[in-house]
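1. Mind folding the following:
(one chain, ligands or ions: 1)
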Amino acid sequence: VVLILDFGSQYTHLITRRIRQLRLCSFCLAAGSSLSSIQALRPAVIILSGGPHSVHEDGAPTLPEGFFQYTQDNGIYVLGICYGLQLIVKVLGGDVKQAESQEYGKMQIEATLGSKLYGDKECFKNQVVWMSHGDEAVKLPAGFRVVARSSQGNIAGIENTAIRVYGLQYHPEVTHSIFGIETLKHILFEVAALSADWSLQDILEEQVQLIKEMAGTEDHAICALSGGVDSTVAATLVYKAIGDRLHCVFVDNGLLRYKERERVMNMFSSDLHLPVTCVDASEQFLTKLKGVEDPEKKRKIIGSEFIAVFDEFSSKLAIELGRKPTFLVQGTLYPDVIESCPPPGSGKTLSHTIKSHHNVGGLPKDMKLKLLEPLKWLFKDEVRELGKLLQVPQGFLKRHPFPGPGLAVRILGDVTQGEALDTLRLADEIFISAIKEAGLYDEIWQAFAVYLPVKTVGVQGDRRTHSHAVALRAIVSEDGMTADWYHFNPTFLAEVSAKICNTVRGINRVVYDITSKPPSTVEWE
Ligand code: XMP
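-> Next up, the predicted model:
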């Protein structure tokens with residue numbers, strides 16, 4: 001295991017993913033984790049990440065007592081990156097001070113060939129790297145030597161081969177550091193002599209085996225399938241382990257996209273052979289939403305109706321089976337749990353009882369289900385890869401995200417007003433189909449139409465109309481946290497606009513949303 005101790009850098013997940021891409025098993029632990037939780041993972045290499053703090057700040061995160069004794073006694077390699085390097089220097093008795101000239105962005109460094117950190121690869125000698133720091137190491141602890149300097153003369157790389165401790169003042173994990181990944185590879189494969197043997201196929205087999213052991217021959221599991229990638233891949237994996245003892249429910253809340261229920265159910269049964277019950281609860285949801293305009297109220301109503309439907313499903317199932325299901329399958333991903341949940345020491349921590357604060361959407365506490373979260377150690381791109389191994393159709397794995405509250409957050413105001421839902425479904429389908437036909441679907445993170453409560457005057461077929469407007473939104477993003485609007489060719493937008501106005505009754509105006517996030521959010525409500 002390559003363990004990354006997270007000191008708060010925005011790049012920590014990136015380091016973890018980069019290392020996994022090198023086919024090495026890597027996990028991340030929050031700074032402040034105890035020495036015993038580090039030991040439990042039996043790491044061969046520990047990377048200390050960068051972070052926003054200064055080592056001199058009160059309460060700045062540090063290493064647990066006895067850290068270096070432990071790494072030395074066990075032959076563990078340590079690599080500090082940026083703050084990680086400064087921490088090494090400070091903890092082992094060197095000096096770190098505020099830099100006179102801060103180094104941000106691309107920098108030239110000169111590395112010492114023949115050092116352990118850089119070996120004798122000529123390409124490392126003069127290289128461009130990505131720096132982002134305000135503090136700098138000025139005096140190294142005993143036994144360390146400088147093996148790289150920036151063009152400003154500052155320390156950029158250090159090593160103490162006797163105790164296997166190394167440090168880089170720059171970020172090798174970002175692509176702006178041209179030979180950064182090569183340097184990481186050198187450290188992991190040449191210096192620490194790890195071998196690349198981690199693969200998603202192994203993870204798949206391990207998880208299936210683990211679920212088989214946990215569920216024995218009797219236990220049943222339930223899963224709410226949303227039609228999204230995460231819950232579908234999680235359910236497919238669990239199905240592989242326990243077959244028909246998995247019971248999935250797909251809830252039609254009346255807020256789904258054009259023909260979504262048919263499309264998704266068809267994929268579940270014909271491509272994945274998953275046992276899925278479709279519950280048509282659209283009347284129930286729409287009745288509760290009638291007249292509600294406040295976005296937060298809408299979300300709350302949808303959340304609690306979902307719980308009611310799910311609860312009823314599991315109670316009925318318990319009567320049918322003559323026993324209560326034991327597990328609840330969730331498609332939770334690694335970024336959701338990194339802060340709150342340590343990675344598996346023994347690999348046996350796959351399940352834990354639901355806590356009331358869990359992000360499962362407030363399922364009733366008395367359900368007493370244990371969570372099965374087989375994707376809990378994976379990033380989104382790895383889940384897509386795993387889905388491929390599980391033969392989930394590729395088109396499905398690349399689907400854009402769709403929010404839980406569905407079209408309710410894309411119809412501003414009362415969801416049940418007139419024909420709003422049907423109108424929006426048609427406009428949205430035209431937009432998405434055009435994006436697919438233009439071959440743009442995979443480069444756009446998310447795209448959709450929004451039904452506006454605004455009526456404007458138009459002229460259609462020589463007649464004056466007074467109809468609704470729709471807004472189109474398309475964004476590019478890494479993770480939905482920040483986003484930029486997608487720059488379509490204007491001809492594309494003109495064609496989509498014409499098609500919507502010509503074919504969707506009740507729409508006479510189309511606008512395109514050119515706001516990024518922030519200041520806007522992705523959804524309009
Ligand atoms: P916002 O609108 O917050 O959206 O910028 C960011 C991403 O999250 C999705 N989203 C949701 N997903 N339940 C979900 O499962 C929700 O209540 C919800 N609200 C927003 C949104 O579609 C975008 O991908």
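
2. drop to CA atoms for contacts and neighbour counts, all remaining ones
-> Fine.

3. Could you confirm residue 429 falls within a helix?
-> Yes - looking at residue 429 with DSSP: H, G, I helix; E, B strand; the rest coil, it is inside a helix.

4. Any part of the lengthiest helix in the chain near the ligand?
-> Among the elements of type helix in the chain, defined by DSSP state H, the one spanning the most residues is helix 295-321. No - using Cα under 6 Å from any ligand atom, no contact is recorded between helix 295-321 and the ligand, whose separation bottoms out at 6.7 Å.

5. same check, this time on stretch 508-525
-> Yes - contact of stretch 508-525 with the ligand (Cα under 6 Å from any ligand atom) involves 521, 522, 523.

6. Can you give me the neighbour number for the first one?
-> The burial count assigned to residue 521 is 14, neighbours taken as other Cα atoms under 10 Å.

7. for residue 174, same thing?
-> 18.

8. Please parse the chain into its domains.
-> Taking automatic domain parsing as the criterion, the chain consists of the domains 2-191, 200-397, 417-512.

9. Now find how far off-centre the shortest one is within its chain.
-> Taking Cα atoms, centre = their mean, to the nearest Å, the mean C-alpha location of domain 417-512 is offset from the chain mean by 27 Å.

10. List the buried residues in the helix or strand of the chain with the lowest mean pLDDT.
-> Least confident helix or strand of the chain, by mean pLDDT, DSSP states H and E, is helix 334-337 with a mean of 76. Within helix 334-337, the residues that qualify as buried by neighbour count (16 or more other Cα atoms under 10 Å) are residue 334.

11. what do you get for stretch 137-156?
-> Neighbour counts over stretch 137-156 (16+ other Cα under 10 Å) mark 137-141, 144-150, 154-156 as buried.

12. what's the neighbour count on residue 423?
-> Residue 423: 19 surrounding residues under other Cα under 10 Å.

13. and the gap between it and residue 277?
-> Computed with Cα to Cα, to the nearest Å, the distance linking residue 423 and residue 277 is 28 Å.

14. Mind naming the longest strand for this structure?
-> Secondary structure of the chain read by DSSP state E shows that its longest strand is strand 95-111.

15. Need the contact partners of that strand.
-> Contacting residues not belonging to strand 95-111 are listed as 55, 86, 89-90, 118, 124-141, 147-151, 156-157, 176-177 [Cα atoms under 8 Å, 6 or more residues apart in numbering].

16. and the helix or strand that that strand is followed by, what does it pack onto?
-> Downstream of strand 95-111, the first helix or strand assigned by DSSP states H and E is strand 126-139. Packing partners of strand 126-139 (3 or more Cα pairs under 8 Å, 6 or more residues apart in numbering; DSSP states H and E): helix 83-91, strand 95-111, strand 155-160.

17. Going by mean pLDDT, which of the ones you listed comes out lowest?
-> For those, the weakest mean pLDDT is recorded on strand 95-111, namely a mean of 86.

18. strands paired with it, and their directions?
-> Listed by DSSP bridges, the sheet partners of strand 95-111 and their directions read strand 126-139 (antiparallel), strand 145-150 (antiparallel).

19. Direction-wise, compare the longest one with helix 83-91 and give the angle.
-> For strand 126-139 against helix 83-91, the angle by axes from the mean of the first three to the mean of the last three Cα atoms, to 10 degrees is 30 degrees.

20. what is the orientation angle of strand 126-139 with strand 155-160?
-> Computed by the same axes, to 10 degrees, the angle separating strand 126-139 from strand 155-160 equals 70 degrees.

21. how many neighbours does the nearest residue to residue 485 once chain neighbours are set aside have?
-> Counting by Cα to Cα, 6 or more residues apart in numbering, residue 485 lies nearest to residue 475, which is 4.3 Å off, once chain neighbours are set aside. Residue 475 is flanked by 23 other residues according to other Cα under 10 Å.

22. Is residue 475 located within a strand, as I assumed?
-> Yes - when classified by three-state DSSP, residue 475 is found to be part of a strand.

23. ok, it touching residue 442?
-> No - applying Cα atoms under 8 Å as the test, residue 475 and residue 442 come out as separate, 11.5 Å apart.

24. check which helix or strand covers residue 218.
-> Assigned by DSSP H and E, residue 218 falls within no helix or strand.

25. Report pLDDT for it.
-> In the predicted model, residue 218 carries a pLDDT score of 95.

26. What separation is there between it and residue 243?
-> Between residue 218 and residue 243 the distance is 12 Å, computed by Cα to Cα.

27. Between the two, tell me which one has more neighbours.
-> Using other Cα under 10 Å as the criterion, residue 218 and residue 243 rank with residue 243 on top: 16 against 10.

28. so who does that one touch?
-> The neighbourhood of residue 243, defined by Cα under 8 Å, 6+ apart, contains no residues.

29. Report pLDDT for it.
-> Reading off the per-residue confidence, residue 243 sits at a pLDDT of 96.

30. That one belongs to a helix, doesn't it?
-> Yes - the assignment for residue 243 (three-state DSSP) places it in a helix.

31. partners of the spatially closest residue to residue 159 that is not a sequence neighbour in the sheet?
-> When the adjacent residues along the chain are set aside, residue 159 lies closest to residue 166, with 4.4 Å between them (Cα to Cα, 6+ apart). Beta-bridge partners recorded for residue 166 (DSSP bridges): residue 79, residue 159.

32. what residues does the chain put near the ligand?
-> The chain has residues 401, 402, 403, 404, 405, 480, 521, 522, 523 near the ligand, with proximity defined as Cα under 6 Å from any ligand atom.

33. Touching, the fifth one and residue 252? I think so.
-> No - counting by Cα under 8 Å, residue 405 sits too far from residue 252 to count as a contact (11.3 Å).

34. Strands along the stretch 351-500 of the chain, start to end?
-> Taking DSSP state E, counting those that start in this stretch to define them, one finds strands in the stretch 351-500 of the chain at 370-372, 446-460, 463-477, 483-485.
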